[in-house]
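Participant: Mind folding the following:
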Amino acid sequence: MTAPFEIRTLTEADVATTVAIDEAAFGYQLGEGYFQQVNRPLWELDRFIGAFEPAPENEQVGAAGAYSMTMTFPGGRPHPVAGVTWVGVRPDRQRRGVLTAMMRHQLDDLHHAGREPVAILTASEASIYGRFGYGLAVDRVRLEAVSRLPFRPGVTAEPVRQVPRDRAMPLVRELYARATPQVAGLMTRSDAVWNSLYSDHESNRDGATSLYFAVHDQGFVAYRIKDEWTDRGPASTLIIHEISALTAVAWASLWRHVLDYPLVREVLYRRAWIDDPLRDLVVDVRALRMPATDHVWLRLVDLDRAMGLRTYRTSCSVTVGLTDAFCPWNAGTWQLELDIEGGAATKVPHDPQVRMDTSDLAAAFLGGPRLGRLANAGRVVGDPGSIETLALALSTPLGPWVPEGF
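Facilitator: Next up is the predicted model:
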């Protein structure tokens, strides 16, 4: 960008303008008191930056922030990640390089300060962040199921208990904490995150009820009911807010509860897991709709620091040539030594066996897209045997899941 502007850390005086920029850029308006109750407790102001035009009045024209988050990586261990959030450019200043400058500042800062070696975000448009080295690492599924779906013979489903919110939340938090190490992508949640995710503010309901909770000893489901009546009778929708379970019986029991809910015609879950077991519980899989779309994009900020944070499915020794136009310190040929205990990445002067962009390695980092699929698309090239070996090492038995937005 040639127009003069500066990127600097925001202060409390910039908060209202930052919110206004975000509202204008995304076309929404926060309800009365919503920001202070739900959003503001999440903000770490020293991790928020703004783009300012010095003339004529030092106007703020963009903003981007990061939450200090902790994510489960393959192998079950939690690690810090930078949760990029509140990225917006004022509509009259878009497509002028403001976003690129903020992304440059943010990633450079993570690198030079030695902060989180991995950054994640959810994108308003899927075409935006690939050019900054982010790879699509986690899909989400919009799961729609008709009510009363029968399960296969032999499926065990136990009764669950509907519990009021004040009694449910401690149980939900404890059960979620137990589930977190089991699936790559799940986040460790602070009090502020729980407050935000489980807010019953009117703005979160979309015309539905406040949250209901049902618990099993090994799992929970939180949901709302959007009632509807027709001349033929009740046609309400049960909207799942979150479902989590530790065992097969708990999964079946919780799904049975919501599928059999009285006066409900359809069950909807907008952030379902791509490996949700419901598909394999029901007799009639065609009674489910499970279209997948992009959800979490991941950036390997510092490859050498990131590769040792997860475990790998099998041992692998391979040289990988990486391109990285936005974070050039990652570009070059790397010797990857990966095994079931962890991994290491070291730059070497050799010719690589496999070539790809850093964004493609980022996409496969949590075990989501298979490297072989990316190879079929021509995004990963090189020795077929080496690609297959690396793909197996990066793979996980179950796909990653992030049942929340940020």
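Participant: Let's verify the closest residue to Thr18 other than its chain neighbours: helix, strand, or coil?
Facilitator: Excluding its sequence neighbours, the residue lying closest to Thr18 (Cβ to Cβ, 6 or more residues apart in numbering) is Ala63, at 4.4 Å. Any C-beta I mention is one placed from the backbone N, CA and C, and that applies to glycine too. Following DSSP: H, G, I helix; E, B strand; the rest coil, the label given to Ala63 is strand.
Participant: in the stretch 1-150 of the chain, which spans are helices?
Facilitator: Per DSSP state H, counting those that start in this stretch, the stretch 1-150 of the chain carries helices over the ranges 15-26, 34, 98-112.
Participant: picking up where we left off before, list the contacts of the residue nearest to Thr18.
Facilitator: Ala63 makes contacts with 10, 14, 18, 21-22, 48-51, 86-88, 102, as judged by Cβ atoms under 8 Å, 6 or more residues apart in numbering.
Participant: one step back: take the helices of the stretch 1-150 of the chain and lay them out in TSV including mean neighbour count.
Facilitator: Output for the helices of the stretch 1-150 of the chain, formatted as TSV (neighbours: other Cβ atoms under 10 Å):
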stretch	mean neighbour count
helix 15-26	17
helix 34	16
helix 98-112	19
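Participant: tell me which element the most centrally placed residue in the chain falls in.
Facilitator: The residue lying closest to the centre of the chain (Cα atoms, centre = their mean) is Val296, at 3.8 Å. For Val296, the host element (DSSP states H and E) is strand 292-300.
Participant: Convert the C-alpha atoms of the helix or strand following that strand to PDB, please.
Facilitator: Downstream of strand 292-300, the first helix or strand assigned by DSSP H and E is helix 303-306. Written as PDB, here are the backbone C-alpha positions of helix 303-306 (Å, rounded to 0.1, in the frame of the first residue of the first chain):
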ATOM      1  CA  LEU A 303       7.800 -24.200  11.300                       C
ATOM      2  CA  ASP A 304      10.800 -25.300  13.400                       C
ATOM      3  CA  ARG A 305       9.000 -24.500  16.700                       C
ATOM      4  CA  ALA A 306       5.600 -25.900  15.600                       C
END
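Participant: Would you mark the buried spots in helix 303-306?
Facilitator: By 16 or more other Cβ atoms under 10 Å, the buried positions in helix 303-306 come out as 303, 306.
Participant: Name the next helix or strand downstream of it, please.
Facilitator: Sequence-wise, the next helix or strand downstream of helix 303-306 (DSSP H and E) is strand 316-323.
Participant: now for that following strand, which elements pack on it?
Facilitator: Applying 3 or more Cβ pairs under 8 Å, 6 or more residues apart in numbering; DSSP states H and E, we find strand 316-323 packed against strand 332-339, strand 354-357, helix 358-364, helix 384-394.
Participant: Pick the most buried one from the ones you listed.
Facilitator: helix 358-364 (a mean of 26; mean count of other Cβ atoms under 10 Å).
Participant: Name the next helix or strand downstream of that one, please.
Facilitator: Per DSSP H and E, helix 358-364 leads on to helix 371-376 as the next helix or strand towards the C-terminus.
Participant: Listing partners with orientation, what would you give for the next helix or strand after that following helix?
Facilitator: For helix 371-376, the succeeding helix or strand toward the C-terminus, using DSSP H and E, is strand 381-382. Applying DSSP bridges, strand 381-382 is found paired with strand 354-357 (antiparallel).
Participant: Export only the CA atoms of stretch 264-280, formatted as PDB.
Facilitator: Provided in PDB are the C-alpha atoms of stretch 264-280 (Å, rounded to 0.1, in the frame of the first residue of the first chain):
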ATOM      1  CA  VAL A 264     -39.600 -31.200  17.400                       C
ATOM      2  CA  ARG A 265     -39.600 -32.000  13.700                       C
ATOM      3  CA  GLU A 266     -35.900 -31.200  12.900                       C
ATOM      4  CA  VAL A 267     -32.600 -31.200  14.800                       C
ATOM      5  CA  LEU A 268     -29.900 -28.700  13.600                       C
ATOM      6  CA  TYR A 269     -26.300 -28.400  14.600                       C
ATOM      7  CA  ARG A 270     -24.300 -25.800  12.700                       C
ATOM      8  CA  ARG A 271     -20.800 -26.700  14.100                       C
ATOM      9  CA  ALA A 272     -20.900 -30.400  14.100                       C
ATOM     10  CA  TRP A 273     -17.800 -32.600  13.900                       C
ATOM     11  CA  ILE A 274     -17.000 -34.100  10.500                       C
ATOM     12  CA  ASP A 275     -16.500 -37.400  12.400                       C
ATOM     13  CA  ASP A 276     -19.700 -37.100  14.500                       C
ATOM     14  CA  PRO A 277     -20.900 -40.700  15.200                       C
ATOM     15  CA  LEU A 278     -24.500 -40.000  14.500                       C
ATOM     16  CA  ARG A 279     -24.000 -41.000  10.900                       C
ATOM     17  CA  ASP A 280     -23.000 -44.500  12.000                       C
END
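Participant: State the mean pLDDT of it.
Facilitator: For stretch 264-280, mean pLDDT rounds to 97.
Participant: One more: stretch 385-403?
Facilitator: On average, stretch 385-403 scores 97.
Participant: How about residues contacting that stretch?
Facilitator: Contact with stretch 385-403 is made by 74, 137-140, 183-187, 242, 244, 271-275, 295-296, 312-316, 318, 320, 336, 338, 353-354, 364-368, 370-372, 375, 380, as judged by Cβ under 8 Å, 6+ apart.
Participant: measure it end to end?
Facilitator: Using Cα to Cα, to the nearest Å, the end-to-end distance of stretch 385-403 comes to 35 Å.
Participant: swap in stretch 184-191?
Facilitator: First residue to last in stretch 184-191 (Cα to Cα) measures 21 Å.
Participant: Need the contact partners of it.
Facilitator: So stretch 184-191 is in contact with 69-74, 78, 137-138, 173, 176-177, 179-180, 193, 197, 296, 310, 366-367, 396, 398, 400-404, going by Cβ under 8 Å, 6+ apart.
Participant: Among the helices and strands packed on strand 316-323, which comes closest to Gly130?
Facilitator: Across these, Gly130 has its closest neighbour in helix 358-364 (5.8 Å, Cβ to Cβ).
Participant: distance between the closest one and the chain's centre?
Facilitator: 15 Å (Cα atoms, centre = their mean, to the nearest Å).
Participant: Same check on stretch 186-206?
Facilitator: For stretch 186-206, the distance to the chain centre is 15 Å (Cα atoms, centre = their mean).
Participant: Kindly check the end-to-end length of that stretch for me.
Facilitator: This stretch, stretch 186-206, spans 25 Å end to end (Cα to Cα).
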